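Engineer: here's my sequence, what's the structure:
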Amino acid sequence: MSDLYLENSSQCGLANIGNTCYMNCILQCLAHCRGLRDLFLLGQFKEQINRFNPIGTGGKTAEVYHALLQEMWSHRQGSCSPHNLKAMLAKKSDMYSGFQQQDAQEFLSVLLDTLHEDLNQGDIKRTFTMPDGDGKCDREVASESWNFHKQRNSSYFVENFMGQYKSKVTCLECSKVSITFDPYMYLSLPLSKGKTPVEYFFLSSSAAGVKRCKVYANLPVSSHILLKSISQELEISGDKLAMYTISKTLLLNVYTPDDTVTPGDLNDGQLIIQENRHSVEGSVALRVLFSVSHPLPQNNCACCNQTGDLKRCLRCKKVSYCNHECQKKHFKVHKLECKGTPQLVGLPLVIFVKRRDLKLEKLTSLITSTNTNLSFIQQQKAKFRTELKVCDRSGVPLDNFQLSASSKAADFIRVSTENLSLMLVYDNTSSNLLGQTDFEIDDHRSLTYSPPKISLGDCFEMFTQEEKLPSTELWKCPRCNKLQRATKQISLFSCPNYLIVHLKRFQAKNIIMFDKVDKHITFPIRELDLSGYSVPRTDVGQSYYTYDLYGVANHYGSLYRGHYTAFAKLSGEGTTWREFDDRCVTDITDNDVQSQAAYVLFYKRRDFTESISHGVLCSEDDEEEECFYDAVSVGNLNTNTNQHNNKESSEEDDSCYFEAKLSDDEQKGKVEAGSSSSDVSVDYVKVQREGDDNGSERSSPLQEIEEEEVISPGDISAEVSPDEVSPNVSTTEDEGIASLQQIQINFEDQLD
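Structural biologist: Take a look at the predicted model:
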């Protein structure tokens, strides 16, 4: 069938035979999946039927679905009934035996699973254990898991509707990591509650000062997703940005791409985004704290809190007193803290250093030249000697870990891997010029932004973020050999040709009550990008993650009283969106597709090439009663017409004759499509249509060629008069449509 014929014929509605709108909306979306539709309309599914699969229906469901698609695409009537398919599925699942309202996504799952089992060529008796990918290459483990899955499950649906996701489970007790790869046929996404404003401070590598910024994110959120949003807002490459949280002068968390930013992290400290001069990839991350050898002067007496001429403690210089009497009174409290330790000042940093630069002199120079935002130190750093020490995360120097000019790169790598810190100490023994830190904070334009709408990307972020499993879902840790609390994170590894996304609008309020979430989730009609939620791969390009929408199943109303409709168009470009409300079919625009009723979304991967349909095109001409028909196919489709019985009808002797270009391997062939015994190798089929009488060029139908006769160039280009038109073409409109239907059946039978 040509695209024109398919577009005109996709206006067939489906009868509601008793609360079956849930079924109708799913059937309409699947009917507009070009590849799946062609599989059945061309009869190719018959070669894949497994009559002996005990899990399936012996191919009966596939045959009933085939018959339904033929009715929907035949253009014989405005609507048809799916009662046969419903009756067949009722034998597999009791929920479809009555006329109660059911869930559309559950019906979709049952239908696809049943069709898959009817066409499943795998060995369902095979058993295997999914491999664990801890310490192994992702591609190796994923390929092994997929091969195991295909040994049991091999069908068109596995090849085109199934993908793989990576599941990472981490034991909270022993940090054991378990990685597995599991197949999926659709993705059920949680609905985001809306993005939360996240305030952060940006430290530029070139400009002095600090900028206060804001970004909206779904918390908790994966650090690489949050950093991607921030890099887009700041218009800076993400590989040059470091993200961490601080509390006053201490570093709390330094985030890697696999970490998760939680609301608790932001409550405990302030989020900092720091720009580096070079990419952070392949570099060693070092925490850097700043301190002074002697504490800064205090403005209040530690005992009576008075101000004035104060004197500091000679031992630690941390506290000041009015006189000797105040010092005596406060000594019992102060003696426990009276130690001569450096005082932390300024903002801590994270620097990324190439391995070749891991030397004491270079590190000291790099740190002192970095924009530390300590304006008083930057202005007076020439007056102070500096020393680089190793300390713990709280800033306490480690006496057993000393750095010197002879320190090697391995020493600094140890600092990084053991979560230690470098502390740059400014010696202020002979000077009291150091004052409090002085930050120049500017407001970024992002502070004025309003909260964005909830998008499908937000739902994917929630789906792929790390979550802590509840106490009711303990994980059996193979290392601890017992049930343990764990975290779990899912990310996409391979993407199917046809992606189905289910929005989890129906959620449990309590043990027995469910509620529907009516939030408007915006979703892309074109160019859905899944690369941000997938495991990075070097063997595929960006187009592998790009999808276009071709169907939407909508739900209106509440959980207990609702109605389903569908928006669909034939997958591919240049076709029209239509709304299917049971029997009623209306044209709509792209803007109408977006609604808060969207429930199940159907996408096709952009770089996936679907097969072009084979069939008959009928074009009605108001001025001409004669009508000739096209049949277009691409590639070599070898069909054996012995596989099907001839139809018993008064027109069974009528044949659809067509022009055929023979394949390279066959210089001669048989061309009578109505023949019951010929094998036809079709490279392309083209039929000419009677032209108008207004002087335009007229094409003529082909002359009748007897069975077993060889095509000659003269036969292909021969012209005949209108009186020689095939008897299949009637001179009345009604008879012409009837003949068209019979010709279409004859031709499709030959292709089957």
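Engineer: what's the helix or strand in which S229 is found packed up against?
Structural biologist: Using DSSP states H and E, S229 sits within helix 223-234. When contacts are defined as 3 or more Cβ pairs under 8 Å, 6 or more residues apart in numbering; DSSP states H and E, helix 223-234 packs onto strand 196-203, strand 210-217, strand 241-247, strand 260-261, strand 270-275. No exception for glycine: its C-beta is placed from N, CA and C like everyone else's.
Engineer: switch the cut-off to 6 Å
Structural biologist: Counting contacts by 3 or more Cβ pairs under 6 Å, 6 or more residues apart in numbering; DSSP states H and E, helix 223-234 is packed against strand 210-217, strand 241-247.
Engineer: can you put these in a markdown table and add mean neighbour count?
Structural biologist: Shown next, in a markdown table, are the helices and strands packed on helix 223-234 (neighbours: other Cβ atoms under 10 Å):
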| stretch | mean neighbour count |
| --- | --- |
| strand 210-217 | 18 |
| strand 241-247 | 19 |
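Engineer: returning to what we had before: let me see the mean pLDDT of the helix holding S229.
Structural biologist: Rounded to a whole number, the mean pLDDT of helix 223-234 is 88.
Engineer: can you tell me what sits against it?
Structural biologist: Residues from elsewhere that reach helix 223-234 (Cβ atoms under 6 Å, 6 or more residues apart in numbering): V215, A217, G238, L241, M243, Y255, P257, D259, V261, I273, S446, E461.
Engineer: and which of those residues is nearest to E144?
Structural biologist: P257 (25.2 Å; Cβ to Cβ).
Engineer: wait, is that closest one part of a helix?
Structural biologist: No - applying DSSP: H, G, I helix; E, B strand; the rest coil, one finds P257 to be coil, outside a helix.
Engineer: and it, how many neighbours?
Structural biologist: 15 (other Cβ atoms under 10 Å).
Engineer: thinking again about what came up before, let's have the helices and strands packed on helix 223-234 in TSV, adding distance to Y556.
Structural biologist: Below are the helices and strands packed on helix 223-234 laid out as TSV (distance: least, Cβ to Cβ, whole Å):
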stretch	distance to Y556
strand 210-217	29
strand 241-247	42
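Engineer: for S407, find the nearest of these.
Structural biologist: strand 241-247 (23.4 Å).
Engineer: what packs against the closest one?
Structural biologist: Against strand 241-247 (3+ Cβ pairs under 6 Å, 6+ apart) you get helix 223-234, strand 250-254, strand 270-275, strand 343-353.
Engineer: try 7 Å
Structural biologist: Counting contacts by 3 or more Cβ pairs under 7 Å, 6 or more residues apart in numbering; DSSP states H and E, strand 241-247 packs against helix 223-234, strand 250-254, helix 263-268, strand 270-275, strand 343-353.
Engineer: next, format the ones you listed as TSV and append distance to T127 and mean neighbour count.
Structural biologist: What follows is the helices and strands packed on strand 241-247, written out as TSV (distance: least, Cβ to Cβ, whole Å; neighbours: other Cβ atoms under 10 Å):
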stretch	distance to T127	mean neighbour count
helix 223-234	37	19
strand 250-254	44	18
helix 263-268	43	13
strand 270-275	49	20
strand 343-353	48	21
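Engineer: now I49: how far from G43?
Structural biologist: Remark: distance between I49 and G43 (Cβ to Cβ, to the nearest Å) = 11 Å.
Engineer: so can I have a markdown table of the helices and strands packed on strand 241-247 showing distance to N16?
Structural biologist: Output for those, formatted as a markdown table (distance: least, Cβ to Cβ, whole Å):
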| stretch | distance to N16 |
| --- | --- |
| helix 223-234 | 42 |
| strand 250-254 | 56 |
| helix 263-268 | 46 |
| strand 270-275 | 53 |
| strand 343-353 | 62 |
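Engineer: which of those sits closest to L499?
Structural biologist: Here helix 223-234 is closest among those (Cβ to Cβ), at 19.5 Å.
Engineer: now that closest one against strand 196-203, angle please.
Structural biologist: Counting by axes from the mean of the first three to the mean of the last three Cα atoms, to 10 degrees, helix 223-234 lies at 70 degrees to strand 196-203.
Engineer: returning to that earlier point: tilt between the helix holding S229 and strand 250-254?
Structural biologist: Going by the same axes, to 10 degrees, helix 223-234 makes 110 degrees with strand 250-254.
Engineer: quick one: the strands in the stretch 401-550 of the chain, in order.
Structural biologist: 421-427, 441-443, 467-468, 475-477, 482-484, 486-494, 498-503, 506-508, 514-516, 528-529, 546-557 (DSSP state E, counting those that start in this stretch).
Engineer: listing partners with orientation, what would you give for the fifth one?
Structural biologist: In the sheet, strand 482-484 lines up against strand 475-477 (antiparallel) (DSSP bridges).
Engineer: next one: the last one
Structural biologist: Strands adjacent to strand 546-557 in the sheet, as given by DSSP bridges, are strand 528-529 (antiparallel), strand 562-568 (antiparallel), strand 598-605 (antiparallel).
Engineer: what about that strand, distance to the chain center?
Structural biologist: 15 Å (Cα atoms, centre = their mean, to the nearest Å).
Engineer: ok, the residue nearest to K195 when sequence neighbours are not counted to S455 distance?
Structural biologist: Spatial nearest neighbour of K195, chain neighbours left out: Y216 (3.7 Å); criterion: Cβ to Cβ, 6 or more residues apart in numbering. The gap separating Y216 from S455 is 11 Å, by Cβ to Cβ.
Engineer: send the alpha carbons of stretch 394-405 over as PDB?
Structural biologist: What follows is stretch 394-405, C-alpha atoms only, in PDB (Å, rounded to 0.1, in the frame of the first residue of the first chain):
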ATOM      1  CA  SER A 394      37.800  18.700  59.400                       C
ATOM      2  CA  GLY A 395      41.100  20.600  58.900                       C
ATOM      3  CA  VAL A 396      43.300  18.800  61.500                       C
ATOM      4  CA  PRO A 397      46.900  18.400  60.200                       C
ATOM      5  CA  LEU A 398      48.200  14.900  60.000                       C
ATOM      6  CA  ASP A 399      51.600  14.700  61.600                       C
ATOM      7  CA  ASN A 400      52.400  11.300  60.100                       C
ATOM      8  CA  PHE A 401      51.800  12.500  56.500                       C
ATOM      9  CA  GLN A 402      54.300  15.200  55.600                       C
ATOM     10  CA  LEU A 403      54.900  16.800  52.200                       C
ATOM     11  CA  SER A 404      58.200  17.900  50.900                       C
ATOM     12  CA  ALA A 405      59.900  18.800  47.600                       C
END
